[in-house]
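>>> got a predicted model here, sequence first, then my questions.
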Amino acid sequence: MRPRAAPTCDICKKVVSKYKCPSCLVPYCSLGCFKIHKETPCAKPSGPSSTEDKPASPVKEVPVERPEEANDVVEKTQHNASAASTAKEIPVARPIHVEDEKYVLEKTQFEAIASSSEIREALKDEALQKLIYSIDSSSNPLQELDGAMGIEAFREFTNKILSNISKSNDEQ
């Protein structure tokens, strides 16, 4: 049995796709390509995996604060794909969908996390870095996140983040 070839981005046709449109399952490689794809309405997939019979849950797209970075990521990813090297893969931005707006952090909460010496110290742990990277680069990040919650160091790290968010909320 031969391994399946990785699909190429249907938008730019240059880079291996890492993501699929949640509406029509078209493969794409980056936020830039996703935005281009979303300029025209897409069709729902048909067949047994279709969600046509299920009620649609409200989904909010969270805008990326610096869209110019998406173009940089696409260019770096295209360069990386064209250079036949074993260099470290460049992460690709992916669209963020949030079903409930209450889960979106405020800027002050992000600042509280970023300025926390406790969190910065925890992030020096190479094993934790690898675990976070594996969650972020996974094709099923929710499943990876669930698995990571079984690891004590990751639970402690998430508790530090939640504590900082709570402190930030109390100060507001």
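Yep, that arrived. Numbering: from 1, shown residues only.
>>> flag every buried residue along the top helix by length along the chain.
Ranked by number of residues, the top helix in the chain under DSSP state H is helix 152-171. Under the neighbour-count criterion of 16 or more other Cβ atoms under 10 Å, helix 152-171 has Phe154, Phe157, Lys160, Ile161, Asn164, Ile165, Ser168 buried. (Each C-beta comes from the backbone N, C-alpha and C, glycine too.)
>>> what sits up against it?
Identification of contacts with helix 152-171 by Cβ atoms under 8 Å, 6 or more residues apart in numbering yields 105-106, 108-109, 111-113, 116, 118-119, 122, 125, 127-128, 131, 148-149.
>>> buried ones from the residues you listed, can you make that a PyMOL selection?
Those of those that count as buried under 16+ other Cβ under 10 Å are selected in PyMOL with:
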select buried, resi 109+112+113+116+119+122+128+131+148
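>>> before we move on, back to that, model confidence over the longest helix of the chain, on average?
Across helix 152-171, pLDDT averages out at 85.
>>> and if you look at stretch 119-135?
92.
>>> try stretch 96-112
Rounded mean pLDDT across stretch 96-112 is 81.
>>> send me that stretch as CSV with only the CA atoms.
The C-alpha coordinates for stretch 96-112 follow below in CSV (Å, rounded to 0.1, in the frame of the first residue of the first chain):
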residue,chain,number,x,y,z
ILE,A,96,-10.1,31.1,13.4
HIS,A,97,-13.7,30.3,13.9
VAL,A,98,-15.3,31.0,17.3
GLU,A,99,-18.9,29.8,18.0
ASP,A,100,-19.4,32.0,21.1
GLU,A,101,-17.9,35.5,21.3
LYS,A,102,-17.4,35.1,25.0
TYR,A,103,-14.4,32.9,24.2
VAL,A,104,-12.5,35.7,22.4
LEU,A,105,-9.9,37.3,24.6
GLU,A,106,-9.6,41.0,24.9
LYS,A,107,-6.4,42.8,24.1
THR,A,108,-5.7,43.5,27.8
GLN,A,109,-6.0,39.7,28.5
PHE,A,110,-3.5,38.9,25.8
GLU,A,111,-1.2,41.6,27.2
ALA,A,112,-1.5,40.1,30.7
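>>> I appreciate the help and will end here.
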